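Peer 1: Predicted model and sequence follow; I will ask about them next.
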Amino acid sequence: MNLMTERSLEKAVGDKMNAVASTNKMKGDKVSVFYGAKQALFDVDLDIPEKMVTALIGPSGCGKSTFLRSLNRMNDTIEGCRVTGQITLDGEDIYDPKIDVVELRARVGMVFQKPNPFPKSIYENVAYGPRIHGLAKSRHELDEIVESSLRRASLFEEVKDRLHDAGTGLSGGQQQRLCIARAIAVSPEVILMDEPCSALDPIATAKVEELIDELRQNYTIVIVTHSMQQAARVSQKTAMFHLGNLVEVGETEMMFTTPKEKRTQDYITGRFG
Amino acid sequence: MQSQHTVRSYDDELKFLAHKIAEMGGHAERMVEQSVTAIVNADKALAQRVISDDLILDACEREIDDRAIAIIAKRQPMAVDLREIIGSIRISADLERVGDLGKNIAKRVAAISETRQSLNVYRGLQTLAELALTQLKDVLDAFATRSIEQINIVRDRDDEIDAMYTSLFRELLTYMMEDPRNISACTHLLFCAKNIERIGDHATNIAETVYYIVTGQQMPPDRPKEDLSHGIVVDEARQA
Ligand SMILES: Nc1ncnc2c1ncn2[C@@H]1O[C@H](COP(=O)(O)OP(=O)(O)OP(=O)(O)O)[C@@H](O)[C@H]1O
Ligand SMILES: [Mg+2]
């Protein structure tokens, strides 16, 4: 390949990256969240780029989970919680009264910090979502969705002989992967993950990270993590929170090599407070 | 300056690296200085000391490497900490090379002491060494204080060193032509001068590393510099 075409190819790839970077799947505009009288988030402006992984980092209690939950209105389930500002999904205000919250949560799925399988069989845990959303036309199709979701969460091999045993009988790490399988079974557009690896061993963590990387081809992902290395490994965009404020947001590589804000620098290098 | 890490021992580990670099810097400076003094005074005993001192620098470099790798494995450093650790590895490699160059100069003392050369040559060599050592001292200070305000001066001075080296090169060539009995000693002196000029280059490398540690950016590229002695031929030297 000669130099000219190589260069124009590079440019084309670069342009494509920019084009991808410029489409935001979700947009947060002056998002504030209150728990009763206590304000937990202050005017956060944060966009979530499509088909990329956005990492939310920051010290405990800074509002990462709060922001994450506001992206699929999980905060609605918390007594006394109030959200102001605007959050859009594909340009549509998700707090609009016309929005069907159940449908919203199918489009914006969530994996929680603590594994929370339903007190049902492994199979039912994964099949539940696709069934209520009518995603499978037949039992056979449902079986397929369950198997492929479990495979993608790298759990299938471990549970294939006991699909009808209780999900709660799995180990913590297996339960977490079950929850990931459950989240991807409904083919959401956005997947929110709140410290998905905190209960996992390094091998399972590596598998989940590999999965995240693969999911990124088709899904938009937002992940909260306390591991700086994990954020650096899996994400393309990183947002740093502190005391309910968005301190800094940028391309992940920049955030972990040359952050602009002292608070980011102190946090990622372990110099905080 | 940086605030402290939550884990105190992490700070101690980084401090250890910085202290070790300072120590290596001191050793390297002394070796270079003493090697040139040994040349000027034809002091073979001093030369011998410089040669054996090189072992200390080698040991320091290995220790820095080992410690740096242990910190990376243990702490998974980020941002400025990671740059500082990688920077320490690079700087210690440069300082180890400076020590080697000093040793190489010292090794030539015996051969050079066979004959005496014009005072000018020794003076030239000393001035060259002073320039290179000031250079080294400045970049080590910049490392110790993490300040890059003065760092561009280092490059300007490197140009000065190159110019000085080129003029010494011409001068030595002239002496060799004047009297072939000078050829052996002058050739050795020429290598010494070249070694000192290389020390300046290592100082410049260190300056670039310090710049990287502090800013996270590569130092903007300099105008291309050249050792002009590449082009010098005998005829030209005779006219000089
Ligand atoms: N249900 C709740 N009721 C009242 N206050 C809450 C509630 N959930 C969170 N908060 C408060 O809101 C703030 C942000 O909490 P949040 O859970 O978002 O933090 P976080 O960044 O996810 O922390 P961690 O890293 O520990 O999970 C905290 O001060 C917390 O005490
Ligand atoms: Mg949380």
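Peer 2: That came in fine, so what should we check first? Ligands and ions are numbered 1, 2, ... in the order given.

Peer 1: can you count the residues close to B:Ile148?
Peer 2: The tally of other residues near B:Ile148 (other Cβ atoms under 10 Å in any protein chain shown) stands at 17. Where C-beta positions appear, they are placed from N, C-alpha and C, glycine not excepted.

Peer 1: Confirm it sits in a strand?
Peer 2: No. Under DSSP: H, G, I helix; E, B strand; the rest coil, B:Ile148 sits outside any strand and is assigned coil.

Peer 1: in the chain, which spans are helices?
Peer 2: Since you didn't name a chain, this refers to chain A. Here chain A has its helices, by DSSP state H, at A:3-22, A:64-70, A:101-107, A:122-132, A:139-152, A:156-159, A:172-185, A:202-215, A:228-234, A:252-257, A:262-268.

Peer 1: think we crossed wires, I meant chain B
Peer 2: With DSSP H as the criterion, chain B has helices spanning B:8-40, B:44-75, B:79-107, B:109-112, B:119-145, B:151-178, B:183-215, B:234-239.

Peer 1: closest to A:Val33 out of those helices?
Peer 2: Counting by Cβ to Cβ, A:Val33 lies closest to helix B:79-107 out of the helices of chain B; the figure is 29.3 Å.

Peer 1: Minimum distance to chain B, which residue of the stretch 151-273 of chain A gives it?
Peer 2: Here the stretch 151-273 of chain A gets closest to chain B at one residue, A:Thr258, 3.4 Å apart by Cβ to the nearest Cβ.

Peer 1: Can you name the residues that contact the closest residue to that residue other than its chain neighbours?
Peer 2: Using Cβ to Cβ, 6 or more residues apart in numbering or on different chains and skipping residues adjacent in sequence, the residue nearest A:Thr258 is B:Gly216, 3.4 Å away. Contacts for B:Gly216 (Cβ atoms under 8 Å, 6 or more residues apart in numbering or on different chains) come out as A:257-258, B:79-80, B:83.

Peer 1: where does B:Gly216 fall, phi/psi-wise?
Peer 2: Backbone torsions of B:Gly216, given as degrees, to the nearest 10, read phi 80, psi 0.

Peer 1: do you know how far it is from ligand 1?
Peer 2: 27 Å (Cβ to the nearest ligand atom, to the nearest Å).

Peer 1: pretty sure A:Asn24 contacts A:Asp45?
Peer 2: No. A:Asn24 is beyond contact range of A:Asp45, at 11.4 Å (criterion: Cβ atoms under 8 Å).

Peer 1: In terms of neighbours, single out the busier of those two.
Peer 2: The neighbour count for A:Asn24 versus A:Asp45, taken as other Cβ under 10 Å, is higher for A:Asn24 (18 against 13).

Peer 1: my guess is A:Thr220 contacts A:Lys27, does it?
Peer 2: No. The pair A:Thr220 / A:Lys27 is not scored as a contact, 11.9 Å apart, by Cβ under 8 Å.

Peer 1: More neighbours: these two, which one.
Peer 2: With neighbours defined as other Cβ under 10 Å, A:Thr220 and A:Lys27 compare such that A:Thr220 has more, 24 against 17.

Peer 1: who's in contact with that one?
Peer 2: A:Thr220 neighbours (Cβ under 8 Å, 6+ apart): A:25-26, A:48-52, A:54, A:189-191.

Peer 1: With distance to A:Gly172 as added columns, please give these in TSV.
Peer 2: What follows is the contacts of A:Thr220, written out as TSV (distance: Cβ to Cβ, whole Å):
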residue	distance to A:Gly172
A:Lys25	31
A:Met26	30
A:Ile48	28
A:Pro49	32
A:Glu50	32
A:Lys51	30
A:Met52	29
A:Thr54	26
A:Glu189	28
A:Val190	25
A:Ile191	20
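
Peer 1: Specify which member of those residues is nearest to B:Ile72.
Peer 2: Of the contacts of A:Thr220, the one sitting nearest to B:Ile72 (Cβ to Cβ) turns out to be A:Thr54, at 27.2 Å.

Peer 1: was I right about the closest one contacting A:Val222?
Peer 2: Yes. A:Thr54 lies in contact with A:Val222 (Cβ under 8 Å); the separation is 4.9 Å.

Peer 1: on that earlier part again, could you export the helices of chain A as CSV, including mean pLDDT?
Peer 2: Below are these laid out as CSV (pLDDT from 0 to 100):
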stretch, mean pLDDT
helix A:3-22, 47
helix A:64-70, 96
helix A:101-107, 93
helix A:122-132, 94
helix A:139-152, 94
helix A:156-159, 94
helix A:172-185, 90
helix A:202-215, 87
helix A:228-234, 93
helix A:252-257, 92
helix A:262-268, 93
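
Peer 1: Take the ones you listed and write them to a markdown table, including mean neighbour count and distance to ligand 1.
Peer 2: Output for the helices of chain A, formatted as a markdown table (neighbours: other Cβ atoms under 10 Å in any protein chain shown; distance: least, Cβ to the nearest ligand atom, whole Å):
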| stretch | mean neighbour count | distance to ligand 1 |
| --- | --- | --- |
| helix A:3-22 | 10 | 26 |
| helix A:64-70 | 23 | 3 |
| helix A:101-107 | 15 | 18 |
| helix A:122-132 | 21 | 24 |
| helix A:139-152 | 17 | 26 |
| helix A:156-159 | 15 | 28 |
| helix A:172-185 | 24 | 16 |
| helix A:202-215 | 17 | 17 |
| helix A:228-234 | 20 | 13 |
| helix A:252-257 | 19 | 17 |
| helix A:262-268 | 21 | 12 |
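
Peer 1: From the centroid of the chain, which residue is nearest?
Peer 2: Went with chain A since none was named. A:Leu192 (2.5 Å; Cα atoms, centre = their mean).

Peer 1: nope, chain B
Peer 2: With distances taken as Cα atoms, centre = their mean, B:Ile199 lies nearest the centre of chain B, 2.9 Å away.

Peer 1: returning to what we had before: burial measure for the residue of the stretch 151-273 of chain A closest to chain B, as a count.
Peer 2: 16.

Peer 1: OK, contacts around it?
Peer 2: Counting by Cβ under 8 Å, 6+ apart, A:Thr258 has contacts B:79, B:215-217.

Peer 1: Highest neighbour count among those?
Peer 2: B:Ala79 (20 neighbours).

Peer 1: Show me what residue of chain B gets nearest to ligand 1.
Peer 2: B:Thr6 (15.6 Å; Cβ to the nearest ligand atom).

Peer 1: Report whether the expected contact of that residue with A:Asp266 is present.
Peer 2: No. Using Cβ under 8 Å, B:Thr6 makes no contact with A:Asp266, being 9.5 Å away.

Peer 1: between those two, what contacts are shared?
Peer 2: Common neighbours of B:Thr6 and A:Asp266 (Cβ under 8 Å, 6+ apart) are A:Phe272.

Peer 1: circling back to that earlier point, could you pull out the residues contacting both of A:Thr220 and A:Lys27?
Peer 2: Common neighbours of A:Thr220 and A:Lys27, counting by Cβ under 8 Å, 6+ apart, are A:Ile48.

Peer 1: distance of the residue nearest to the centre of chain B from chain A?
Peer 2: 31 Å (Cβ to the nearest Cβ, to the nearest Å).

Peer 1: mind listing what the closest residue to that residue other than its chain neighbours touches?
Peer 2: What sits nearest to B:Ile199 in space, not counting adjacent residues and going by Cβ to Cβ, 6+ apart, is B:Ala132, at 4.4 Å. Contact analysis of B:Ala132 by Cβ under 8 Å, 6+ apart lists B:32, B:161, B:196-197, B:199-200, B:203.
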